[in-house]
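>>> generate a structure from the sequence data that follows.
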Amino acid sequence: MKKRDAEGAGPAGGTARRRGQGELEAQVLAAVRAAGGPVTAGRVRERLGGGLAYTTVITILTRLHAKGAVARERVGRSFEWTAVADEAGLAALRMRRLLDGEGDRQAVLARFVTTLPASDEQLLRELLARAEGEAEAVGEAEAEGEGDGAGGE
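Okay, here's the model as predicted:
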């Protein structure tokens, strides 16, 4: 049995520390993205320095796959993994999953916005306005396409 140091951070005399929630997923995702293409779990493990068990890397990759952050393709008896999302996308997926688990979305979103610093609130407003403008532009383009006779009517 390994002894833990006084703060419970790892083996006595060691430098191990407990990772923050999502930190390991972010590291594995970054290693997959850095590969620049399909990569095996063994190669991901190597890119991370080899300190993790192979099964740990597989578990994290499987969780990232379930979250839609990586895609996998069977190659022989194993998989090759490809990044679909970046770290910001992974954080957004986590936020969305948390929101989906709440009963009163409006209350959660309202509370979230009221706790943001003014600069983040302004950034959120700008992003929403930009998204709304893009949606309107798409709608207008689709409406113009219907009126040019291309619809076969």
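>>> longest helix of the protein?
helix 118-146 (DSSP state H).
>>> list the buried residues of the helix or strand where Leu29 lies.
Assigning secondary structure by DSSP states H and E places Leu29 in helix 23-35. Within helix 23-35, the residues scored as buried using 16 or more other CB atoms under 10 Å are Leu24, Glu25, Ala26, Gln27, Val28, Leu29, Ala30, Ala31, Val32, Arg33, Ala35. For the C-beta atoms, the positions are set from N, CA and C on the backbone; glycine is no exception.
>>> what residues are up against the most centrally placed residue in the chain?
Computing the C-alpha centroid of the chain and ranking residues by CA atoms, centre = their mean puts Leu90 first, at 1.0 Å. Leu90 makes contact with Gly22, Glu25, Ala26, Leu29, Leu64, Lys67, Ala69, according to CB atoms under 8 Å, 6 or more residues apart in numbering.
>>> could you tell me which ranges of the protein sit under the pLDDT cut-off?
Low-confidence segments of the chain (pLDDT under 70): 1-17, 20-21, 146-153.
>>> about what we covered before: next secondary structure after the helix holding Leu29?
strand 39-40.
>>> what lines up beside that following strand in the sheet?
Strand 39-40 sits in its sheet next to strand 78-83 (antiparallel), going by DSSP bridges.
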